[in-house]
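Novice: Output the structure for:
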Amino acid sequence: MRTIILTALLITGLTFESSAQKFGHINAQELLLSMPDRATAEATIQKQAGEFDNLLKEMQTELTTLTQEFEAKNQTWPDAIRNTKYTAIMNKQREMEEFAANAQDELSKQEATLLKPMLDAAQKAINEVGKENGFTYIFDTSTGAVVYDGGENVMALVKTKLGIK
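Specialist: Next comes the predicted model:
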């Protein structure tokens, strides 16, 4: 009976030992911010956003001018002019809203395009570090999904893999 229990304990111990898992964690957001290409991508996006903002300001100035003229003269205009000017104001507002939405979409697409190579490189480096160092899982602590911050921080290993100091 003791032999069976002892054998069972040894087998159980060997099973737990052979299935030990190694966990790591990394703050992927911090990693991306430390990548050299990030600053260039950010500058490109900010430049484009500035151009969109300037055009939106011009459109707002035009709308303000149309609105002020309408408020000042609408009582003296015949219906045809009043309706035309009112329609012009509504069209300018709609144009601004469409432009703002399109600009935001374009900026989002541009950001995704510029960040994709960095995201791919980071993912590749994390995968390689995981394989080379025997990690079962590497969790991203920047997502807030990690409940327990145990395991090894692999940031330095990944940065080394990417050539970042």
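Novice: And the strands in this structure?
Specialist: Counting by DSSP state E, one finds strands in the chain at the ranges 23-26, 137-140, 152-153.
Novice: who wins for proximity to Ile81 among those?
Specialist: Each of the strands of the chain was scored for nearness to Ile81 using CB to CB, and the closest is strand 137-140 (60.9 Å). The way it works is simple: take the backbone N, C-alpha and C, and place the C-beta from them, glycine included.
Novice: Listing partners with orientation, what would you give for that closest one?
Specialist: In the sheet containing strand 137-140, its partner strands are strand 23-26 (parallel), by DSSP bridges.
Novice: State the mean pLDDT of the strand it pairs with.
Specialist: Predicted confidence along strand 23-26 averages 90 (mean pLDDT).
Novice: which of the strands of the chain is buried the deepest?
Specialist: Mean neighbours per residue, mean count of other CB atoms under 10 Å, is largest over the strands of the chain for strand 23-26, with a mean of 21.
Novice: Can you name the residues in contact with that one?
Specialist: Under the contact criterion CB atoms under 8 Å, 6 or more residues apart in numbering, strand 23-26 has outside partners 126, 129-130, 133, 135-141, 146, 149-155, 158.
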